[in-house]
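[1] Output the structure for:
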Amino acid sequence: MDYEKLLCEIADKGKTKSCEEWLEKVKQQDGSVPLIFQRMAERPEVLLSHLLYKSSITETSTLDPKYVELISLAVGAALNCRHCTEYHMRAALKRGATKDEILEVVLLAGTLAQSSVLADAYRVIDTDEDACNASCDINGFSYKKE
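    Numbering: from 1, shown residues only. So this is what the prediction gives:
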């Protein structure tokens, strides 16, 4: 991708028209436009900068597009983002991923997400109880032992 040419095209067409065209390309490629892109389009500078950034990563990646989508699927699953998981699952399937590969990355994501929760909680449990001196204030009420 020639970024200088692309930037000139955006400048020539204007931000609104460029956003409309990019959203249409996303829809044609993936079958739908994610809600976050729709909302970002309300501020065209935000959508354009996001898509330029995303494109610069994917266009220069040495990873196969199928694996990029499988990684994105795993991250979406680990972050408990249903929409991300659904979107990247469809995109991974379109790029040749199998159901078995999708299941495998979801299992890996779940394992890592669970490990993150456990590792963080165990570190808190293993620290000196007085080291933090923080309370669990909720609406002015403290659960800290006195």
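[2] contacts and neighbour counts: CA atoms only from here.
    Fine.
[3] pLDDT weak spots in the chain?
    For the chain, the stretches flagged by pLDDT under 70 are 1, 128-146.
[4] all helices of it, in order?
    Applying DSSP state H to the chain gives helices spanning 3-13, 15-30, 35-40, 44-60, 65-78, 82-94, 99-126.
[5] Burial-wise, tell me which of these comes out on top.
    Neighbour counts (mean count of other Cα atoms under 10 Å) averaged over each of these peak at helix 65-78, with a mean of 21.
[6] and it with helix 82-94, angle?
    On the basis of axes from the mean of the first three to the mean of the last three Cα atoms, to 10 degrees, helix 65-78 is oriented at 160 degrees to helix 82-94.
[7] Okay, the residue nearest to residue 86 when sequence neighbours are not counted and residue 46: tell me how far apart.
    Excluding its sequence neighbours, the residue lying closest to residue 86 (Cα to Cα, 6 or more residues apart in numbering) is residue 73, at 7.9 Å. According to Cα to Cα, to the nearest Å, residue 73 stands 23 Å off from residue 46.
[8] cool, residue 110 as well?
    From residue 110 to residue 46 the distance is 31 Å (Cα to Cα).
[9] And for residue 88, nearest residue in space, chain neighbours not counted?
    For residue 88, ignoring the flanking residues on the chain, the nearest one in space by Cα to Cα, 6+ apart is residue 73 at 5.0 Å.
[10] Then residue 108?
    Spatially, and ignoring its direct neighbours in sequence, residue 108 is nearest to residue 74 (7.5 Å; Cα to Cα, 6+ apart).
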